[in-house]
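>>> everything below, folded, please.
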Amino acid sequence: MDELMRGRVYGADHDDPDPGPRRGHVYRELVAGPLDGLLLDVTGWTEEQLHEGAALRTEIGSFGPGGRAVYGPRAADPRRWDWQGDTH
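Model prediction:
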């Protein structure tokens, strides 16, 4: 888990002097796609939500501003969420 604690958190402001993870929070590492390498804060998510994954807003996906990148848990390692494609 230490390797996850060094990344940048999805949604952190670009000018945030400390865009990394916070103590006491739970994260998933986003793998591949436009948000590759970012951490997603899933603190407080239910087991069902964690199983479903998420469609995350991004301006750098296939659909540009307003588009979303879809990520879901990796079967062999649910701490890492793999990119499944982009959507509107």
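
>>> give the contact list for the most centrally placed residue in the chain.
Centroid-nearest residue in the chain: residue 40, 3.4 Å away (criterion: Cα atoms, centre = their mean). Applying Cβ atoms under 8 Å, 6 or more residues apart in numbering to residue 40 gives the contacts 9, 10, 27, 28, 29, 30, 54, 56, 71, 81. Every C-beta, even on glycine, is put in place using the N, C-alpha and C of the backbone.

>>> per-residue pLDDT, the closest residue to residue 32 other than its chain neighbours?
Nearest non-adjacent residue to residue 32, counting by Cβ to Cβ, 6 or more residues apart in numbering: residue 83, 4.1 Å away. Per-residue pLDDT puts residue 83 at 98.

>>> what secondary structure does residue 48 sit in?
Secondary structure, DSSP: H, G, I helix; E, B strand; the rest coil: residue 48 is helix.
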